[in-house]
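S.K.: Please find the sequence and the predicted model below.
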Protein chains: 2
Amino acid sequence: MPDNKIIEVEKDKTILSAAISAGVYINSVCGGDGVCGRCKVIVKSGKVTTQPNGAITPEEKRQHLYLACLSTIHSDAEIEIPPSSRLDFEKLTTQELDSRLKGLYSESEEIESVIPISGEGIFIHSPLATKLYLELPQPTLEDRLSDLERLSREVRKIQDIPLMQAGLANIRQLGELLRDSDWKVTVTLGKRNDTVEIVLVEPGDTSRKNFGLAFDIGTTTISGQLVDLNSKKVLGTKATYNRQASFGSDVITRIVYAQEEDGLEKLHLAVTDTMNLMIKELIREHDIDLNDVTCVLCSGNTTMMHLLLSVDPAYIRREPYVPTANFVPTVRAAEAGININPRGLLSCVPGVSSYVGGDTTAGVLSSGLYKEKDLSLLIDIGTNGEIVLGNKDFLVACAASAGPAFEGSGVACGMRASSGAIQKVKINPKDFQVTYDIIGNVKPAGICGSGYIDIIAQMLATGLIDRSGKIKAEGSGRLRSGDSGREFVIAFKGETASASDIVITEADIENLKRAKAAIYSAAAILVKHMNLELSGIKKVFIAGGFGTYVDVENAVKIGLLPDLERKKFIFVGNTALAGARQMLLSYEAMKIAEEVACNITYFELSVELGYMDEYMAALFFPHTDLNKFPSLKVK
Amino acid sequence: MPDNKIIEVEKDKTILSAAISAGVYINSVCGGDGVCGRCKVIVKSGKVTTQPNGAITPEEKRQHLYLACLSTIHSDAEIEIPPSSRLDFEKLTTQELDSRLKGLYSESEEIESVIPISGEGIFIHSPLATKLYLELPQPTLEDRLSDLERLSREVRKIQDIPLMQAGLANIRQLGELLRDSDWKVTVTLGKRNDTVEIVLVEPGDTSRKNFGLAFDIGTTTISGQLVDLNSKKVLGTKATYNRQASFGSDVITRIVYAQEEDGLEKLHLAVTDTMNLMIKELIREHDIDLNDVTCVLCSGNTTMMHLLLSVDPAYIRREPYVPTANFVPTVRAAEAGININPRGLLSCVPGVSSYVGGDTTAGVLSSGLYKEKDLSLLIDIGTNGEIVLGNKDFLVACAASAGPAFEGSGVACGMRASSGAIQKVKINPKDFQVTYDIIGNVKPAGICGSGYIDIIAQMLATGLIDRSGKIKAEGSGRLRSGDSGREFVIAFKGETASASDIVITEADIENLKRAKAAIYSAAAILVKHMNLELSGIKKVFIAGGFGTYVDVENAVKIGLLPDLERKKFIFVGNTALAGARQMLLSYEAMKIAEEVACNITYFELSVELGYMDEYMAALFFPHTDLNKFPSLKVK
């Protein structure tokens, strides 16, 4: 009550655990330790036993209030969850919830099919949290090891773990749990800062059900994946806009907002609330019990990681630009407000500096750049464009503030690369008629990054825009003046999903030009700074959520990518997400990522003489200096 | 408010920390993590900044409620602590508090002077929690390590620590704290389950102020010591009866009581409340700020440790007698309800089995038995009498249920060995006149264990009792019939502190006889079980709170101690407390204690054939078989 949900639970389940299984979210910041007292429920009927706890006053006890985390159900029971014990987003009406879920896209199969080149297979399978089913020998007068040591002994028979911790909450319930479950239990072991922790002990065999989540928390986009930790299989992927965007579109404005009253809290809740919604949808779609989700691994830029953990990012933007932590210890997901198993773990990919975060580390891991023999470049196209240059011997990285245009944000008809997005475009040079490919078998709803690249390249080729990005005044019925200046119509409202035309405006082109200039010039200056030549680069890994569909030729034509042999370009998809998933599935990958983060030298663009000149010179299509794009000149 | 206490605090102090410094106890089960929401206070005036937290509702915010742990004071401020945020024992009136403090004895200097033979000096000085004052190099554009890694780097320059953890609560405040304190901070490092944790970071240099507590939690008596962790000096010792005694005098009745509704909680509160009172008195007497008390180390029998940690001890008394944990991980003291620094640590001496606990391990450590070349015996005389036989090659232990008589409990005029206790007694064989020594320069208030030993030995020698303990009907004006049978007057009410006589009754003698029989027979059967002879023992360590004053000759005469050469007996005082203190001060001692606990073989008396016979035979003074006490026969 009051949801009228009926659920069958096993013996020894706590009310908290039963509620989670029923999809009812109860407040539990302490992770079921019986400490926070936020999970009070009213037992209306049925046999429930509880452990005494100071959080329940004698008056509350008379009113049959119990802590859900410390109370176990022994018969049919009716439990009411008072509003004060419910998680915020559960208070929404069904309509409100639906409208919020609308922003949540499932990534298409196609995106998912981009396997990062180094693949999952190369790392030893050793997830952040593992489950072991144990049948303990019962104690006898001859074998009288204590319950906790008995459990540890059995674990050590399977895994050689020198250090093992166990929380007091687990110890407090251990004696009864072992005996009630006939000494057959599943223990979840979590890797926590180089030690192993007994995260939880459950009755019976639940070892087949062990799930984790990988997240890439981008400034504009949050992507999440549900992973079966046993089979390593990705069960589902979701992405949505980061709701923090309403507080500013880039990290700097977010940091500024965090200084306002309640600013940090609002930014923190915006990201965790979004993640919790994604988790909820993912487990619903795959019929998974939230109790069986035992760990989360997040990548993201340094500011995003601070906001996720509710750590003030203020010092990131004050000289000398130092974050509070690049290496964040593994904590309970509940401590950061992420709803999985209340005792489940949350780990973050280690970052490099204030502006090169764990997403870049994950990219270097996932692309395999850290073990390349030849000079290679990784370009991660996002709101912050991160560039890494190097190979197995050295790694140097910088970040360029590109803005969210290529993610379909801040442009008139932009959208993410999801169902309804125009992803490929052709413009007939004779009659300027437009043909396009849409993601999914639906009417077009907007344009995603790869679509914009095609459009600009073709407008340039057909002379619809000049090299500075100005739209020609006439020459096609699709050219017109709109509310915000000149625009070119890609799809008329008859063809579109909505009642309006899909257009690209001069302002859009300006936005995209600045974005491509920021990324190109960052790569160019980084190479120059190292006294190397762009032509010396053997491989260019292109990462980012939009990467799959990009036409390399067009990307070079607009000057987003440098003019290198086309076969050198390798699209590696969302490497921030893939790297997080690799670390979720492999402790070996996590250790390598730590090494990578230590080994990357951060290069601060803003203090580099010549960067501004390089950027200004890149504010043309493809570039002011056409000698830098020789293949285009020949044509 | 409402205490009207005024306190000056430094910059960056939280309200919680200020309140603790002022001696006002605020609820804070989560240890200042901002998780439990129990430390709400009302800011009546002054400038206070806070971190946003879901525990404060918008309504509460309007009422100026703040979480004390997350709010820092920046000007003169008036803070009100509502009753709901106060710790229970603070709600007592001054009278009630005084009456409860009356039960709290300071141990006399004399007791404290008993230094265990192996002394403190032999272990490397490396306390459970250490404080390091660090002046961090400020970050520059060239040295841009994150705050947390900067702190770790500086720590590692002083101590080589591979693994270091830091709680999210510390990280959340780190950025501001480092800058506001001009990069001069004191970091408290705690040893936690073989890793090192950053327990807390404080502004400025507080390294000189680092205090810890050692506790021996006995079934009948709780002793506690305040220790300066820098100088290793014991600042004060207190002892009092364990208030759990009102729920039963031995561990079995306590375990039974723990099964009742709220039983476990009541037993848990009885011990923690007593400990908190002792801590409060100790720091008040020595003018120490509770924030500077960073760790606690507890020894006690296995049941006491379960109750301290609120772990159900039920399975200790069910065959096959297995505790939930002998080795308990180090936790936050706040998790167990012990009030020191909210983030301070609590560690327990590892135990051996259900009936041989950490107090025995501490005894073996502190007496040095574990490194003796010759066969030695340790007899710890308490409510549970623990016996350990062995040397550096083997250790075997058993426990005998002796009852609390030698601790002055359960006997008509018994009391602890504290001020007013009759500790030595002489009875003139001619006129049966009694002379006695009292602890302190006061009138006698009762009889402590060593006094009882003298009295029984002399009554036996003078023929006032027979060998079965029956008091003779006549022969002295001090012999009479009281309400509970025959008794012998030690001090008449004119001499005593109260308005009644101090007597020993036939029932007392019976109680003491059973106690000494339990201890003697346990030692005898243990030696026999190992196919050894009592006479082969080279050293006998006598431990227990009463040990100092015991007359060995009399203890042998009543059959409490075996009839060995008197020079073999060594009184070592309260080794359970001394061992806990050694572990508090030395990680080396802790590792040795872990080894000792693993190496002790537990010997279960109750399943040993012949134990009951041995016990029955010992129910005489000194014993049924006088051949076992040859030195007494000769006399």
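M.R.: Right, received. Where do you want to start? Please read all numbers here as calculations on a predicted model, not as lab measurements.
S.K.: in chain A, what spans have low per-residue confidence?
M.R.: A:25, A:28-29, A:31, A:86-121, A:163, A:545-549, A:634-635 (pLDDT under 70).
S.K.: Spatially central residue in it, please.
M.R.: What sits nearest the mean C-alpha location of chain A, by Cα atoms, centre = their mean, is A:Asp216, with 1.8 Å.
S.K.: Shouldn't that residue be within a strand?
M.R.: Yes. A:Asp216: assigned to a strand according to DSSP: H, G, I helix; E, B strand; the rest coil.
S.K.: who's in contact with it?
M.R.: A:222-224, A:298-300, A:359, A:362, A:574, A:576-577, A:580 (Cβ atoms under 8 Å, 6 or more residues apart in numbering or on different chains). Where C-beta positions appear, they are placed from N, C-alpha and C, glycine not excepted.
S.K.: Counting only helices, which of these make the cut?
M.R.: A:359, A:362, A:576-577, A:580 (DSSP state H).
S.K.: Is A:Asn230 in contact with A:Arg208, as I believe?
M.R.: Yes. A:Asn230 lies in contact with A:Arg208 (Cβ atoms under 8 Å); the separation is 6.7 Å.
S.K.: Between these two, which is the more surrounded one?
M.R.: A:Asn230 (15 against 12; other Cβ atoms under 10 Å in any protein chain shown).
S.K.: The residue lying closest to the more buried one once chain neighbours are set aside and chain B, how far apart?
M.R.: Once flanking residues are discounted, A:Asn230 sits nearest to A:Asn210: 5.7 Å by Cβ to Cβ, 6 or more residues apart in numbering or on different chains. A:Asn210 sits 24 Å away from chain B, taking Cβ to the nearest Cβ, to the nearest Å as the criterion.
S.K.: How many residues are close by A:Asn210?
M.R.: A:Asn210 has 22 neighbours, counted by other Cβ under 10 Å.
S.K.: any idea which element A:His268 lies in?
M.R.: For A:His268, the host element (DSSP states H and E) is helix A:263-285.
S.K.: export that helix as PDB, just CAs?
M.R.: The C-alpha coordinates for helix A:263-285 follow below in PDB (Å, rounded to 0.1, in the frame of the first residue of the first chain):
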ATOM      1  CA  GLY A 263      22.900  24.700  -6.900                       C
ATOM      2  CA  LEU A 264      25.100  21.700  -6.200                       C
ATOM      3  CA  GLU A 265      22.200  19.700  -4.900                       C
ATOM      4  CA  LYS A 266      20.000  20.500  -7.900                       C
ATOM      5  CA  LEU A 267      22.700  19.500 -10.400                       C
ATOM      6  CA  HIS A 268      23.400  16.400  -8.400                       C
ATOM      7  CA  LEU A 269      19.700  15.400  -8.400                       C
ATOM      8  CA  ALA A 270      19.400  16.200 -12.100                       C
ATOM      9  CA  VAL A 271      22.000  13.600 -13.000                       C
ATOM     10  CA  THR A 272      21.100  10.900 -10.400                       C
ATOM     11  CA  ASP A 273      17.400  11.300 -11.100                       C
ATOM     12  CA  THR A 274      18.000  10.700 -14.800                       C
ATOM     13  CA  MET A 275      20.200   7.700 -14.100                       C
ATOM     14  CA  ASN A 276      17.600   6.200 -11.700                       C
ATOM     15  CA  LEU A 277      15.000   6.600 -14.400                       C
ATOM     16  CA  MET A 278      17.200   4.900 -16.900                       C
ATOM     17  CA  ILE A 279      17.900   2.100 -14.500                       C
ATOM     18  CA  LYS A 280      14.300   1.600 -13.800                       C
ATOM     19  CA  GLU A 281      13.400   1.400 -17.400                       C
ATOM     20  CA  LEU A 282      16.300  -1.000 -18.200                       C
ATOM     21  CA  ILE A 283      15.400  -3.400 -15.400                       C
ATOM     22  CA  ARG A 284      11.700  -3.200 -16.300                       C
ATOM     23  CA  GLU A 285      12.300  -4.100 -19.900                       C
END
